[in-house]
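[1] What would the 3D arrangement of this be:
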Amino acid sequence: MTTALLTALLIVGFVWLSRGSGRRLGLIGAVGLLVAFAALPFVDLIGARSDQGLAPTALALSPLYPLLLIAPLLGLLAFVVSLRGSEQTSGLLLTLAGTLGLGVAFAFQNGPDRFLSLRPVPGVLETAFPLGLAAALWLLMRVNAPDRRARPLNLALTLLTPLALAVFLYSPLGAQLFPNDPASNIVRLRGYYRVGQAVTARQSALIVSDWALDVQSYLQADVRKRAQDWKTTLAKLSAPAAGTERAKQRKDYYDLQDELNLQRRAPGDTAALPARIAAPAEMPPGFAPGPAASDAGVRRVIARSQEYGFQSWVLFSTLALGGGLIALYRRRLLVAADPVRERRGELSSAVTLALVTAVIAAGFHSTGFNFRDLWVNWPWIADFFRRATPPDAAFLSDVMGAMLITVNIALIGTVVAAVFALPLSLLAARNLTFRSFLTRTLYLLTRTFFNVDRGVDTLILALILVAGLGLGPFAGALAMAVHSVADLGKLYSEAIENADPGPIEALESVGAPGTSVVRWGLLPQVLPLFLSYTLYRFEINFRVSIVLGFVGAGGIGFLVNETMRGGQYPKAMTALIVIVLVVNLLDFISAAVRRRLV
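    Now for the predicted structure:
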């Protein structure tokens, strides 16, 4: 929560100092609040078993926490008012939405851990997917800006393709491929979106009876054990340690701190849990419902177990608040000549940036990006460098031999790719293939090949080729060439499409054959760019070829992998130093060649 709040404050401060549009910033927050409310996991729900955990959206929790509805509705109102209202009115509504959003977030974090059961809402994702596809196709059509003759066809595809997808998802075949399985926690399309509802009297009785059994069997003992673990961990941290042991101690410390925070208990607290409870609301915070209640569908909201949707909520609320205040109290440096057009641009950019921010937040969550983990494991990293120095100079001859193989893998892969990419790029250039049905078909096929080939990473190709051809640099060079054909072909074709059509039209007007047109009218314009792209691709391929060695494709990557696995850190450090030096050397050589020839 702190990270999201600080990030938003930095953005607000930048917009304030640069005299940017406060309304645009606030609208980003308002739209983002709606996205976080409806689509992003908010907090964790837990059951008796680990596989019974869920992370619902704020919308799914709103029947039990109705205050969660206020800020998104105010954000929606601010967005609607911004279509025609003044900047001051929008600023006031955005300020209210941001203030209430932050207030609700803080109140929710310190509020009760309520019990609920989940009810599937049919048709949500089955409808959302076709609508998302329709929006993507519509944007694609707008970006490509086709001529008027192609617009009816593109419009038909934009409407009929999502409609066909919706019909398929709602059909019996769609129901068979995507079954409704509310009891499963595996991601399902049909019935996956669920909304919380209050527990029944029977479920409440199960919660109460489970608590009495759990306290007697293990919960109280677990509290005492956690308190003892806390003392033990503190004692270990105060003693000298290094490397893996210190990293493990730090991890144990923060894990215990997180568990105690969820249960709202002070570190080392051994206060007795209540032996019996009369109602579910009396259960202490942070504890899961018992087995019988969990099997009956009961889950507990852990208000302090924040998901990235909660972090996004705080971020967007702060942006709405800051943007609203800027719109209210500070005039912009530039005033648009066309206010209506400016307002439309602000709304469009706000929606786009809010969606992009939500996607980035999901990316941070899925990758587990966390600076605390870096701090926790820093002792191991420091210990690695201590054990890897000084480098093993006697290993240098082996490293240089492997480095030469790596350079050759990148060189041969790039050369072979350039040879095949050059003729294919002529077929993938729109300005050379628009005249006949045959050439347009070849253009479509070539572009499709480029897209498919670029979608398969070099590492995956290397794994396949190593399995088929065996270990060694040949598999790595071939994988490099196959993948680079598509990258170079796409760059070459775009250079051809941007070439000056004057020389080409002049040669065609005097009846020059196609080969002469390409040779004298096109290649002199694009060859310098071809060379620049090829050299740049060689630099990329060299870096990639280092990684290919880790899957058995030869080169210095294979050597680094073997030395690291064997704990020969000084030898690995020698290889790493050589890699850094050669990367910089190739960069300088490539830049010098480009300056001389391009």
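[2] quick one: buried residues of the helix or strand hosting Ser294?
    Assigned by DSSP states H and E, Ser294 falls within helix 291-295. Neighbour-count burial for helix 291-295, counted by 16 or more other CB atoms under 10 Å, picks out 291-294. Placement of C-beta: from N, CA and C, glycine included.
[3] What is the distance between it and the centre of its chain?
    In terms of CA atoms, centre = their mean, to the nearest Å, the gap separating the centre of helix 291-295 from the centre of its chain is 35 Å.
[4] From the contact counts, what lies against it?
    Applying 3 or more CB pairs under 8 Å, 6 or more residues apart in numbering; DSSP states H and E, one finds that helix 291-295 makes contact with helix 201-214.
[5] Report the next helix or strand after the helix it packs on in sequence order.
    Proceeding C-terminally, helix 201-214 gives way to helix 220-238 as the next helix or strand, assigned by DSSP H and E.
[6] Could you check the angle the helix or strand following that next one makes with helix 220-238?
    Proceeding C-terminally, helix 220-238 gives way to helix 243-262 as the next helix or strand, assigned by DSSP H and E. Angle between the axes of helix 243-262 and helix 220-238 is 140 degrees (criterion: axes from the mean of the first three to the mean of the last three CA atoms, to 10 degrees).
[7] what about helix 243-262, distance to the chain center?
    27 Å.
[8] which parts of it are buried?
    246-250, 252-253, 256, 260, 262.
[9] rewinding a little: got the CA positions of the helix holding Ser294 in CSV?
    Presented in CSV, the C-alpha positions along helix 291-295 are these (Å, rounded to 0.1, in the frame of the first residue of the first chain):
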residue,chain,number,x,y,z
PRO,A,291,-13.0,-27.8,7.7
ALA,A,292,-16.7,-28.4,7.9
ALA,A,293,-17.6,-24.7,7.3
SER,A,294,-15.1,-24.5,4.4
ASP,A,295,-16.5,-27.6,2.7
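[10] Show residues contacting it.
    In this structure, residues lying in contact with helix 291-295 by CB atoms under 8 Å, 6 or more residues apart in numbering are 47-49, 52, 115, 203, 206-207, 209-210, 288.
[11] Which residue ranges of the protein form strands?
    Remark: strands of the chain, listed N- to C-terminal, are 43-46, 115-120, 194-197, 298-306; assignment by DSSP state E.
[12] partners of the last one, with directions?
    Here strand 298-306 has these sheet partners by DSSP bridges: strand 43-46 (antiparallel), strand 115-120 (antiparallel).
[13] Rounded mean pLDDT for it, please.
    With pLDDT averaged residue by residue, strand 298-306 scores 89.
[14] contacting residues around that strand?
    Outside strand 298-306, the residues within contact range by CB under 8 Å, 6+ apart are 1, 43-47, 52, 54, 61, 64, 108-118, 196, 199, 203, 206-207, 261-262, 264, 285-289.
[15] Quick one, which of these are buried?
    When the contacts of strand 298-306 are checked for burial by 16+ other CB under 10 Å, the buried set is 43-47, 52, 54, 61, 64, 108, 113-118, 196, 199, 203, 206-207, 262, 285-289.
[16] Now do stretch 570-588, average pLDDT.
    According to the model, stretch 570-588 has a mean pLDDT of 84.
[17] same thing with stretch 328-336?
    Stretch 328-336 shows a mean pLDDT of 63.
[18] got any ranges where the stretch 101-250 of the chain has weak pLDDT?
    Counting by pLDDT under 70, the stretch 101-250 of the chain has low-confidence residues at 139-154, 175-192.
[19] my bad, should have said the stretch 451-598 of the chain
    For the stretch 451-598 of the chain, applying pLDDT under 70 flags the ranges 500-523, 597-598.
[20] Show me the helices in it, by range?
    Here the stretch 451-598 of the chain has its helices, by DSSP state H, counting those that start in this stretch, at 458-469, 473-497, 501-509, 514-516, 523-548, 556-565, 569-597.
[21] now those helices as a markdown table including distance to Trp138?
    Formatted as a markdown table, the entries for those read as follows, by distance: least, CB to CB, whole Å:
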| stretch | distance to Trp138 |
| --- | --- |
| helix 458-469 | 32 |
| helix 473-497 | 24 |
| helix 501-509 | 31 |
| helix 514-516 | 37 |
| helix 523-548 | 32 |
| helix 556-565 | 44 |
| helix 569-597 | 40 |
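[22] Let me know which of the ones you listed is tucked in deepest.
    helix 473-497 (a mean of 23; mean count of other CB atoms under 10 Å).
[23] Can you list the helices and strands that that helix packs against?
    Applying 3+ CB pairs under 8 Å, 6+ apart, one finds that helix 473-497 makes contact with helix 396-427, helix 437-455, helix 458-469, helix 523-548.
[24] follow-up on the earlier one: can you list the strands paired with strand 298-306 in CSV and add distance to Leu92?
    Converted to CSV, the strands paired with strand 298-306 look like this (distance: least, CB to CB, whole Å):
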stretch, distance to Leu92
strand 43-46, 30
strand 115-120, 35
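[25] For Tyr65, see how far away the residue sitting nearest the centre point of the chain is.
    Most central in the chain under CA atoms, centre = their mean is Gly363, positioned 2.2 Å from the mean C-alpha point. Counting by CB to CB, to the nearest Å, the gap from Gly363 to Tyr65 is 27 Å.
[26] Likewise for Val419?
    When CB to CB is applied, the distance between Val419 and Tyr65 equals 63 Å.
[27] again, but for Pro122
    Shown here: Pro122 relative to Tyr65, a distance of 23 Å by CB to CB.
[28] the more surrounded of the two?
    More neighbours surround Tyr65 than the other of Pro122 and Tyr65, with 21 against 13 (other CB atoms under 10 Å).
[29] Compare the helices of the stretch 451-598 of the chain and report which one is nearest to Thr158.
    Each of the helices of the stretch 451-598 of the chain has some distance to Thr158 by CB to CB; the shortest is helix 473-497, at 24.7 Å.
[30] can you state the direction angle for the closest one and helix 458-469?
    140 degrees.
[31] what's the angle from helix 473-497 to helix 396-427?
    Angle of helix 473-497 versus helix 396-427, following the same axes, to 10 degrees, is 40 degrees.
[32] Next, the contact list for Glu282, please.
    Taking CB under 8 Å, 6+ apart as the definition, contacts of Glu282 comprise Pro274.
[33] same check, this time on Ile546
    Ile546 makes contact with 406, 555-557, 560, 579 under the criterion CB under 8 Å, 6+ apart.
[34] I'd like those residues as a markdown table, with distance to Ser217 appended.
    What follows is the contacts of Ile546, written out as a markdown table (distance: CB to CB, whole Å):
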| residue | distance to Ser217 |
| --- | --- |
| Thr406 | 60 |
| Gly555 | 58 |
| Ile556 | 57 |
| Gly557 | 53 |
| Val560 | 51 |
| Ile579 | 56 |
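[35] any idea which of these is closest to Ser397?
    Closest to Ser397 out of the contacts of Ile546 is Ile556 (12.8 Å), distances taken as CB to CB.
[36] Now Leu165: closest residue in space, sequence neighbours ignored.
    Pro130 (4.7 Å; CB to CB, 6 or more residues apart in numbering).
[37] number of nearby residues for that neighbour?
    Pro130 has 20 neighbouring residues, counting by other CB under 10 Å.
[38] who's in contact with it?
    Contacts here follow CB under 8 Å, 6+ apart; on that basis Pro130 touches 162-163, 165-166, 169.
[39] any idea how far Leu163 is from it?
    Taken as CB to CB, the spacing of Pro130 relative to Leu163 amounts to 7 Å.
[40] now swap in Val314 and tell me
    Val314 sits 38 Å away from Leu163, taking CB to CB as the criterion.
[41] okay, these two: which has more neighbours?
    Val314 (23 against 13).
[42] The more buried one reaches Ala105, doesn't it?
    Yes: Val314 sits in contact with Ala105 when judged by CB atoms under 8 Å, with a separation of 5.3 Å.
[43] starting at the chain centroid, how far to stretch 87-103?
    The offset between the C-alpha centroid of stretch 87-103 and the centroid of the whole chain comes to 29 Å, using CA atoms, centre = their mean.
[44] which residues touch that stretch?
    22-23, 26-27, 29-30, 33, 70-72, 74-75, 77-78, 81-82, 313-314, 316-328.
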